[in-house]
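K.L.:
just to be clear, the model below is a prediction. Sequence and coordinates:
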Amino acid sequence: MTPATPDARFWDRIARKYSADPIKDVAGYERTLERTKELLSSAATVLEIGCGTGTTALKLAPSVTRVVATDVSSEMIAIARTKASAEACENVDFSVATADAAPGFDGAYEAVLAFNVLHLIGDRTKTLSRLHGSLKPGGLLISKTPCLSEMNPLLRLAVPVARLFGRAPTVSFFTAHELEAEIADAGFTIVERARHGSGRRDPRIFIVAEKSSRRRASA
């Protein structure tokens, strides 16, 4: 078994608290959930990376044929499996895996979901390339990501200090425009963007991107 990374150990430590914490913007979450359901066909096999304790995967499971849900934290996955058992949900498979090592062969999925996780991945270029390969032609990458460069500038100072004391995982700062460019460079075409939050300003960009047949040429 691959040794747990510092990020995995961080999420393992807070898994129980994370599971117990309420969703901060329920209305915004529901808007994202409903739009995602509209984008998925009942025949779809779906991959979710960074699934946490499985709440979203379990809510979407009745709308699709199968969900493969992964997270780097074994503690998060243990909680997710307990939830699935309690709900008698049989079409969700939870497993421990990094975002760039998700189970399944190339072209295995009609959609990949990445909710509140892309800013927590150090090498997004590698991960987005892997996700592109895992999708069938015309498959969708559906993501919702906090763009921390659009938030309080003091976060740039606070996060490194928190990481030094083991109180924060890997965190990346970028704008929505920069994230869209990374997704496009990985071979996707952006087909939808939205802000589902209930507040006046929502730093979490919802992006739907379709797998393109060819990658963007290098400049």
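P.N.:
Received it, and whenever you're ready, just let me know what you need.

K.L.:
lowest-scoring secondary structure element of this structure by mean pLDDT?
P.N.:
For the chain, scoring each helix and strand by mean pLDDT, DSSP states H and E identifies helix 155-164 as the least confident one, at a mean of 85.

K.L.:
who are the packing partners of that helix?
P.N.:
Contacts of helix 155-164 with other secondary structure elements, assessed using 3 or more Cβ pairs under 8 Å, 6 or more residues apart in numbering; DSSP states H and E, are absent: no helix or strand is involved. Yep, even glycine has a C-beta here, placed from its N, CA and C like the rest.

K.L.:
got the contact list for that helix?
P.N.:
Under the contact criterion Cβ atoms under 8 Å, 6 or more residues apart in numbering, helix 155-164 has outside partners 148, 168-171, 173.

K.L.:
for this protein, which strand is longest?
P.N.:
strand 135-146 (DSSP state E).

K.L.:
got the CA coordinates for stretch 102-110 in PDB?
P.N.:
Only the C-alpha atoms of stretch 102-110 are listed here, as PDB (Å, rounded to 0.1, in the frame of the first residue of the first chain):
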ATOM      1  CA  ALA A 102      -8.500   7.200 -10.500                       C
ATOM      2  CA  PRO A 103      -9.700   3.600 -11.300                       C
ATOM      3  CA  GLY A 104     -10.900   2.700 -14.700                       C
ATOM      4  CA  PHE A 105      -9.600   2.400 -18.200                       C
ATOM      5  CA  ASP A 106      -9.300   5.200 -20.800                       C
ATOM      6  CA  GLY A 107     -12.700   6.200 -22.000                       C
ATOM      7  CA  ALA A 108     -14.500   4.600 -19.100                       C
ATOM      8  CA  TYR A 109     -16.700   7.400 -18.100                       C
ATOM      9  CA  GLU A 110     -19.400   9.700 -19.500                       C
END
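
K.L.:
could you give the mean pLDDT of it?
P.N.:
Confidence over stretch 102-110, taken as the mean pLDDT, stands at 89.

K.L.:
low pLDDT regions in the protein?
P.N.:
1-3, 213-219 (pLDDT under 70).

K.L.:
hey, where'd the helices end up in it?
P.N.:
Taking DSSP state H as the criterion, the chain carries its helices at 6-20, 26-39, 55-60, 74-86, 124-134, 155-164, 176-185.

K.L.:
quick one: buried residues of the third one?
P.N.:
Going by neighbour count (16 or more other Cβ atoms under 10 Å), the buried part of helix 55-60 is 55-58, 60.

K.L.:
related to what we said a few turns ago, can you give me the angle the least confident helix or strand of the chain makes with helix 6-20?
P.N.:
Here helix 155-164 points in a direction 100 degrees away from that of helix 6-20 (axes from the mean of the first three to the mean of the last three Cα atoms, to 10 degrees).

K.L.:
still on that earlier bit, distance to P160 for the buried residues of helix 55-60 - can I get that in a markdown table?
P.N.:
Written out in a markdown table, the entries for these read as follows (distance: Cβ to Cβ, whole Å):
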| residue | distance to P160 |
| --- | --- |
| T55 | 30 |
| T56 | 29 |
| A57 | 32 |
| L58 | 35 |
| L60 | 35 |
